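> coords please:
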Amino acid sequence: MSQPQERINLSEAEIRAVYRQGEEAVVSWVTQLLQRLEVVESRLEALEGRRKKTSRNSHKPPSGDGFDKRTKSLRLNSEKPSGGQAGHPGSTLEWSETVDWVEPHDVATCGCCGVSLSEVPVEQWLARQVFDLPAIELQVTEHQVAVKCCQQCGQQNQGSFPVEANNVVQYGPRLKGMRVYLMESQLLPSARTGEVLSDLFGVQVSEGTLYTSRRQCFEHLAAVEQTIPATLRNASPVHFDETGMRVQGQLWWLHVACTERLTYYFVHPKRGQAAMDEMAILPAFSGQAVHDGWKSYAGYECEHFLCNAHHLRELQFILDHYGQWWAYHLSLLLVTILHQVNAAKAQGQTALPTEQLTALETRYHEILEQGLAVNPLPTASPEGPKKRGRPKRSPPLNLLMRLQSQPASVLGFRYDFAVPFDNNQAERDLRMMKLKQKISGCFRSEAGARMFCRIRGYLSTLRKQEQNVLEALIALFSGQTTSLDLQPE
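From the prediction side, this is the model:
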């Protein structure tokens, strides 16, 4: 007879055949059927949970929500109306006291009788100002160096060409900087970069010339790429994260280590500790590391703090999918603590009062106990087949165990105001890399991926330090490197 594990829809004759075999056969068959049903229910619950996950209650990006899922921000609604607020100074185009060009417009004839006014003196000039760009055109500069013969020794002497004139004919640093700016900062594909250069400057640039500019920029930044990781090893707190990245059609991983003023990217075929070791920041890092709780981070001896934005999304999923209200209460507690910390910072305080900290921690553990009462630890059946490893835990129980075992990592921001509430800094620094792949697809070579990471990390650092990215690239191709603030935070 067919076993229930193979199929459930047995015929009536097969069921009666089992019944005739006696009580033990029926009990054995029903037990196997219940086990099969439990597996099916578990799979169905997992599939339904996966279908209900959105960017609001999971780690999925908003682009993965699709058109049939309406997302809602976890932020609380503000009481202020949209648009500019009362008392906001605003910004508008203002009259300039210095002008580059004055263009007079005389009046030739009378608008009433048509008499000529060419000899009539002007009584008053009315003025209006127009702000616009000058005509954009490519300029060609010919550099000439003198050659002189020494009358005393006969030595032939020659002047020095500037750094940008290293060949007989070449593009200058401003155009090279513009190419890299369009590709690496504005994330334009090579074909569209060529179109922009052609439309704006009338320059026809090949794809090979664009990639040559990128490679030169990459080489110029070799020293900078070494100094940023060295500074991050001594900074605190530092945000860490990783995301998938397609290189040569394969799944690679882009790792980021960053602060509010520094960004460092590292691409590697692996996601875990092997890549982190080769990145060479965490092995020598002893400060405060903020991350999403990926298990590989636990292997490093530093202070670990978990991203509460991730926790809020996970709690929202538990509330949406399982209807467990302890998740709502814990979300409310985390947001309340954040508001209290921000209010204390605004008042110039450096810590919350001890009584307040004790009450918050007590409430935190009370909510976890409520969650554990609804999600008890699974116990293996003494009669069932033994399986390797621990019994499978549900998503709510997994989250509860993590929150209970690492309270200092979850609530560290309430004790130390320097510790951020979330890991959004790292996620913001990774977002543009994902946008790059959406626009241009995968990287066709490992070298291209590493070039992009080094250049993009430098540009991100420049923006964080409020420096002009385009001018910095022009200076780089002119043989100068824009100084960065590399003091540990």
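
> now the helices: where do they sit in the stretch 351-489 of the chain?
Here the stretch 351-489 of the chain has its helices, by DSSP state H, counting those that start in this stretch, at 354-374, 395-405, 407-410, 412-415, 424-440, 446-464, 469-477.

> List the contacts of the first one.
Contact with helix 354-374 is made by 324, 326-327, 329-330, 333, 337, 340, 352, 396-397, 400, 403-404, 407, 411, 414-415, as judged by CB atoms under 8 Å, 6 or more residues apart in numbering. C-beta: built from backbone N, CA, C; applies to glycine.

> Write the ChimeraX selection for whichever of these are buried.
Of those, the buried ones can be selected in ChimeraX as follows, counting by 16 or more other CB atoms under 10 Å:
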select :324,326,327,329,330,333,337,340,352,396,397,400,403,411,414
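
> Show me the shaky parts of this protein.
Applying pLDDT under 70 to the chain picks out residues 1-10, 49-53, 55-79, 380-390, 488-489.

> can you pull out the strands in it?
147-149, 156-158, 238-247, 250-258, 263-268, 288-291, 303-306 (DSSP state E).

> Paired strands for the first one, with orientation please.
Going back to what we said before, that points to strand 147-149. Strand 147-149 has the following sheet partners, assigned by DSSP bridges: strand 156-158 (antiparallel).

> Give the buried residues for the strand it pairs with.
For strand 156-158, a neighbour-count test (16+ other CB under 10 Å) marks nothing as buried.

> if we can go back for a sec, looking at the helices of the stretch 351-489 of the chain, which is nearest to Gly202?
Ranking the helices of the stretch 351-489 of the chain by distance to Gly202, with CB to CB as the measure, places helix 469-477 first at 19.6 Å.

> hey, which helix is longest across this protein?
Using DSSP state H, we find that the single longest helix of the chain is helix 23-52.

> what angle sits between that helix and helix 395-405?
Here helix 23-52 points in a direction 70 degrees away from that of helix 395-405 (axes from the mean of the first three to the mean of the last three CA atoms, to 10 degrees).

> so how far is helix 23-52 off the chain centroid?
41 Å (CA atoms, centre = their mean, to the nearest Å).

> Stretch 270-287 now?
The answer for stretch 270-287 is 19 Å, by CA atoms, centre = their mean.

> What's the end-to-end length of that stretch?
Using CA to CA, to the nearest Å, the end-to-end distance of stretch 270-287 comes to 24 Å.

> ditto for stretch 133-148
Terminal residues of stretch 133-148 lie 43 Å apart, using CA to CA.

> List of residues touching that stretch?
With CB under 8 Å, 6+ apart as the contact definition, stretch 133-148 has outside contacts at 156-162, 165, 172, 175, 200-203.

> With distance to Asp422 as new columns, can these be given to me in TSV?
Below are those laid out as TSV (distance: CB to CB, whole Å):
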residue	distance to Asp422
Gln156	67
Asn157	64
Gln158	61
Gly159	58
Ser160	54
Phe161	52
Pro162	48
Ala165	50
Gly172	44
Leu175	41
Leu200	40
Phe201	43
Gly202	47
Val203	44
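
> OK, contacts around Leu232?
So Leu232 contacts 238, 257-259, 262, 264, 281, 285 (CB under 8 Å, 6+ apart).

> which among those residues gets closest to Ala230?
Ile281 (9.1 Å).

> so the closest one touches Thr231, yeah?
No - in this structure Ile281 lies outside contact range of Thr231 using CB atoms under 8 Å: 10.0 Å.

> Quick check: closest non-adjacent residue to Val99.
Distance criterion CB to CB, 6 or more residues apart in numbering; nearest residue to Val99, sequence neighbours excluded, is Gln129 at 6.8 Å.

> I'd like the contacts of Leu232 laid out as JSON lines, including distance to Val120 and neighbour count.
What follows is these, written out as JSON lines (distance: CB to CB, whole Å; neighbours: other CB atoms under 10 Å):
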{"residue": "Val238", "distance to Val120": "74", "neighbour count": "27"}
{"residue": "Ala257", "distance to Val120": "73", "neighbour count": "28"}
{"residue": "Cys258", "distance to Val120": "68", "neighbour count": "27"}
{"residue": "Thr259", "distance to Val120": "68", "neighbour count": "22"}
{"residue": "Leu262", "distance to Val120": "67", "neighbour count": "25"}
{"residue": "Tyr264", "distance to Val120": "70", "neighbour count": "25"}
{"residue": "Ile281", "distance to Val120": "77", "neighbour count": "22"}
{"residue": "Phe285", "distance to Val120": "80", "neighbour count": "22"}
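
> from these, which is closest to Arg431?
Ranked by distance to Arg431 (CB to CB), these are led by Cys258 at 12.0 Å.
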